[in-house]
Every structure is written in structure tokens, then in C-alpha cells.
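K.L.:
A predicted structure for the sequence below; I have some questions about it.
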Amino acid sequence: CGKSFTQSKNLIKHQRTHSGARPHRCGQCGRGFAQSTNLAKHQRVHGAGGQPPACPECGQSCRDGAELERHRAQAHGHEPFICVECGESFARSATLNRHKRVH
């Protein structure tokens, strides 16, 4: 893509956006992330200390992380799945995967 970095670790992180590599896995749901910071953000959807996860926008309690993601997509338009080719965003990973076939 032509981007350059002064540190090799930043180049490696960036290359994951092109390769689709997601080495950082959530221990609760198995979802993968290219960067550890994104995994840390994601893990908040599972709740802390056995408490059911709550929506950060409105506080609604959800049964699990999947239900929270559905709620956020439907109630707040949250679309966390982004196509690295064109930047279009989606509420569900399956929709993003289907979209990727057009590229």
C-alpha cells in the first residue's frame, strides 16, 4: 500500500490489516482481533466478575456478548466490522464476510 513505518512492530501490525490475520483471540467467544488493544476493548462486552454485559450507550443488560452486539447494532447503529478494502462497515461479521466476496 506504500505506507512506511519507523518501527518494524508498527509495520507488522499494519500488515495484518491487509492479510486479515487475527492472532489475538477472545478466550470467551473465540473472536479474533488484529491488535491486542481491540481485543481488550472487545472483552468488555462479556462483562466483569460474572455480571451480564451492559450496553455502554444505554446501560441495558444483555444475556451475553452476542446479544449485546445485536442490541448495539439494532438500537444504536453500532457497526464494528469494517472492510479493509473499501472502509464500509457492518453490524455482523457474517455480513462483512459476504461483502468481502465482491472485492
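P.N.:
In hand now; what should we look at? A quick note: this is a predicted structure, and the numbers were derived from the prediction, not measured.
K.L.:
shaky segments in this structure?
P.N.:
Within the chain, the ranges that satisfy pLDDT under 70 run 47-50.
K.L.:
next, the buried residues of the one helix or strand Gln74 maps to.
P.N.:
According to DSSP states H and E, Gln74 maps onto helix 65-76. Within helix 65-76, the residues that count as buried by 16 or more other C-beta atoms under 10 Å are 65, 67-69, 71-73. Every residue, glycine included, has its C-beta placed from N, CA and C.
K.L.:
got the contact list for that helix?
P.N.:
Residues outside helix 65-76 that contact it (C-beta atoms under 8 Å, 6 or more residues apart in numbering): 28-29, 45-46, 53-55, 57-58, 60, 62, 78-80, 91-92.
K.L.:
ok, which stretches of this protein are strands?
P.N.:
24-25, 32-33, 81-82, 89-90 (DSSP state E).
K.L.:
in a markdown table: those strands, plus mean neighbour count and distance to Thr6.
P.N.:
Shown next, in a markdown table, are these (neighbours: other C-beta atoms under 10 Å; distance: least, C-beta to C-beta, whole Å):
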| stretch | mean neighbour count | distance to Thr6 |
| --- | --- | --- |
| strand 24-25 | 14 | 23 |
| strand 32-33 | 16 | 24 |
| strand 81-82 | 15 | 25 |
| strand 89-90 | 16 | 29 |
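K.L.:
switch those strands over to JSON lines; also include distance to Asn97.
P.N.:
Shown next, in JSON lines, are those (distance: least, C-beta to C-beta, whole Å):
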{"stretch": "strand 24-25", "distance to Asn97": "17"}
{"stretch": "strand 32-33", "distance to Asn97": "13"}
{"stretch": "strand 81-82", "distance to Asn97": "9"}
{"stretch": "strand 89-90", "distance to Asn97": "9"}
